[in-house]
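Colleague: Turn this into a structure:
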Amino acid sequence: MSKNFEIRKAVVLEATPEQVWRAIATPEGQAAWSPDPYQAMDEMGVEATENERLIVRTPEAENGAFHAFEYLVAADDDSTTSLTFVHSGYLGDDWEAEFDFGEMTGYGWDMYLHTLAEYLKHFAGRPANFVTTQGPPSSATPNSWATLEKALGVEGPFEQGQQLRLTPQGLPALEGVVDFAYPRVRQLPRTAHRRRPVPLPRQLGDGHAPGRGPLHLRRHRPSGH
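Modeller: Modelled structure (predicted):
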């Protein structure tokens with residue numbers, strides 16, 4: 001596998017360029033959707049043209065590895081903005097993994113950019129809190145997903161729009177709908193509400209594969225919810 005990679009994504013967002021910029025270029029905005037919103041920026045290389053272009057580059061490691069994240073913001077009309085996102089870099093002189101890093105990481109970016117779109121559509125401008133927690137070691141077993149699926153009352157892969165219901169012992173029932181699903185990277189839903197959107201919790205296995213690590217929950221919670 002190549003040690004150089006480039007992941008390119010393009011999304012149309014229901015927001016102004018100023019709202020998109022706040023979401024991608026500030027810690028407060030990134031807390032609503034980014035996989036690592038509290039990453040220290042002290043040693044990063046940053047180039048920014050407000051409301052237009054942002055580039056963040058990690059320091060080069062001893063093995064030559066680095067990552068660069070570029071955001072290009074362009075106004076479409078009064079109601080939408082186009083965002084082009086590019087994650088590129090070099091995986092290091094000693095990189096020997098057999099899987100395609102760009103392909104697998106691209107799946108994750110699909111989910112996070114979808115979360116960004118949902119945030120801007122429903123909660124633009126609101127501050128958010130980012131919380132992550134990990135399940136016990138027992139959730140790292142190969143049958144952990146099957147156990148969770150059974151608790152949710154489903155069989156097989158999730159499908160977008162699918163209704164789910166969880167009845168944890170001693171707690172009120174939780175109802176949800178799958179708002180994002182990828183054929184090869186199974187994601188669980190954000191919590192659903194019949195009349196208005198609510199916070200965006202997501203649950204997945206470490207490494208995006210059952211049995212490769214404990215299940216963990218990532219939650220981006222806008223204020224007021």
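
Colleague: Could you tell me how many residues sit around Val177?
Modeller: Val177: 15 surrounding residues under other CB atoms under 10 Å. All C-beta spots, glycine's among them, are computed from the backbone N, C-alpha and C.

Colleague: So what sits opposite it in the bridge?
Modeller: Beta-bridge partners for Val177, by DSSP bridges, are Gln163, Arg190.

Colleague: Pretty sure it sits against Glu159.
Modeller: No: under the criterion of CB atoms under 8 Å, Val177 makes no contact with Glu159, lying 10.5 Å away.

Colleague: how much space is there between the residue of the chain most remote from its centre and Val73?
Modeller: Residue farthest from the centre of the chain, counting by CA atoms, centre = their mean, is Gly170 at 30.4 Å. Distance of Gly170 to Val73, computed by CB to CB, to the nearest Å: 47 Å.

Colleague: Please apply the same query to Met44.
Modeller: Met44 is 19 Å from Val73, by CB to CB.

Colleague: Compare these two and say which one has the larger neighbour count.
Modeller: Val73 (23 against 15).

Colleague: next one: the helix or strand hosting the more buried one to chain centre, how far?
Modeller: Assigning secondary structure by DSSP states H and E places Val73 in strand 66-75. Distance, stretch centre to chain centre, for strand 66-75: 16 Å (CA atoms, centre = their mean, to the nearest Å).

Colleague: What lies in contact with the next helix-or-strand element following that strand?
Modeller: For strand 66-75, the succeeding helix or strand toward the C-terminus, using DSSP H and E, is strand 81-90. With contact meaning CB atoms under 8 Å, 6 or more residues apart in numbering, strand 81-90 is reached by 3-13, 15-17, 19-20, 24, 58, 64-76, 105, 109, 113, 116.

Colleague: Does anything pack onto the helix or strand hosting Thr132? Which helices or strands?
Modeller: Per DSSP H and E: Thr132 is located in strand 128-134. The contact analysis (3 or more CB pairs under 8 Å, 6 or more residues apart in numbering; DSSP states H and E) places strand 128-134 against strand 215-222.

Colleague: which stretches of the chain form strands?
Modeller: 4-13, 45-49, 53-57, 66-75, 81-90, 128-134, 163-166, 174-177, 190-191, 200-205, 215-222 (DSSP state E).

Colleague: mind putting those in CSV, distance to Asp36 and mean pLDDT included?
Modeller: Shown next, in CSV, are those (distance: least, CB to CB, whole Å; pLDDT from 0 to 100):
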stretch, distance to Asp36, mean pLDDT
strand 4-13, 16, 97
strand 45-49, 15, 97
strand 53-57, 11, 98
strand 66-75, 11, 97
strand 81-90, 12, 98
strand 128-134, 9, 81
strand 163-166, 27, 84
strand 174-177, 25, 82
strand 190-191, 19, 42
strand 200-205, 14, 47
strand 215-222, 10, 65
